[in-house]
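Engineer: give me coordinates for this.
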Amino acid sequence: MTQPPRSRWLRNFHPAPSARTRLVCLPHAGGSASYYFPMSAALSPEFNVYGVQYPGRQDRHSEPFVESVDDLADQIYAEVAALPEVPTAFFGHSMGAVLAFEVARRFESLAGRRPVVVFASGSRAPSHYGDEREYKSDNDLIGVMRDLGGTDPRIFNDPDLLSTFLPAFRNDYRALQAYHRGTEVVISAPIVVMTATDDPKTSEDGARAWLAHTTGGGEVRTFTGGHFYLEKQPQKVIDVVTQTLRDVG
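Structural biologist: Predicted coordinates for the structure are as follows:
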């Protein structure tokens, strides 16, 4: 039997076709699907994990970036909706949290399918976006990357490496600057907010405001650390995701 073509958008690092629940993971600004390889390994085979690969990075480096959150969400939705229909959850970190929310909205409004849960990690709520100044210079953007952490410090000292990372971050950062949703924009799926005590981009109020964007309830889970807290305590993150998916499943 002919195998279906490999999706440019979705990476199923540890296939678990018999799993009851699918988890679709969306990366942060400048990030790629491989960021979720460890999470996929930890959750398989109980859950079937897919990482989303945005255009313009890694094996899609020759493709043009998608310049808006809405356009990116539309294309991701089309890819995920084409998969066999099983209970589906979304996990997004930073920019990925916004995209997880937007793709979930499309699942509900276009496909009539309610995701079992949306994990919104390392991000303020959609209603708390749209108030940042424009960063015009590369030095400004590099400063943001340093503040957030999560980038190998050696990259900042290697112009060739930096030139491969910076364009994607610049594109994604601009997309987020143009994004905003009022509190009237909601989903019915529950939202589990995952935030950190020392995240420079997300206050406690900004994180808790996610709960205004769902009619399905949810909770806020607070971790110690900065923006990339999940790299420092991966097992705690896996425990929250695992228990939540078991409970909603």
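Engineer: just the strands in the chain please.
Structural biologist: Assigned by DSSP state E, the chain shows strands spanning 10-11, 21-26, 47-52, 88-93, 118-121, 191-196, 218-223.
Engineer: kindly check the end-to-end length of stretch 20-35 for me.
Structural biologist: In stretch 20-35, first residue to last residue: 23 Å (CA to CA, to the nearest Å).
Engineer: quick one: Phe90 from Val49, how far?
Structural biologist: 11 Å (CB to CB, to the nearest Å). From N, CA and C alone the C-beta is placed, and that goes for glycine too.
Engineer: between those two, which contacts overlap?
Structural biologist: Shared contacts of Phe90 and Val49, defined by CB atoms under 8 Å, 6 or more residues apart in numbering, are found at 23, 25.
Engineer: before we move on, the earlier item: so which of the strands of the chain gets nearest Ala81?
Structural biologist: Smallest distance to Ala81 across those (CB to CB): 9.4 Å, for strand 88-93.
Engineer: average pLDDT for the closest one, rounded please.
Structural biologist: For strand 88-93, the mean pLDDT works out to 98.
Engineer: and for that strand, what's in contact with it?
Structural biologist: 21-28, 31, 35-36, 39, 80, 98-101, 103-104, 107, 113, 115-123, 230, 241, 245, 248.
Engineer: where do the helices of the chain begin and end?
Structural biologist: 37-43, 69-81, 95-110, 138-148, 153-156, 159-177, 204-208, 229-232, 234-248 (DSSP state H).
Engineer: quick one: which of those helices is nearest Ser127?
Structural biologist: Evaluated over these, closeness to Ser127 peaks at helix 204-208, with 9.0 Å, by CB to CB.
Engineer: name the helices or strands packed onto that closest one?
Structural biologist: strand 191-196, strand 218-223 (3 or more CB pairs under 8 Å, 6 or more residues apart in numbering; DSSP states H and E).
Engineer: by mean pLDDT, flag the weakest helix or strand of the chain.
Structural biologist: Lowest on mean pLDDT, DSSP states H and E among the helices and strands of the chain sits helix 153-156, with a mean of 70.
Engineer: quick check: buried residues in stretch 54-66?
Structural biologist: Neighbour-count burial for stretch 54-66, counted by 16 or more other CB atoms under 10 Å, picks out 54-57, 60, 65-66.
Engineer: straight-line length of that stretch, end to end?
Structural biologist: 8 Å.
Engineer: again with stretch 183-199
Structural biologist: 23 Å.
Engineer: how far off centre is that stretch?
Structural biologist: Centre-to-centre, stretch 183-199 and its host chain are 12 Å apart (CA atoms, centre = their mean, to the nearest Å).
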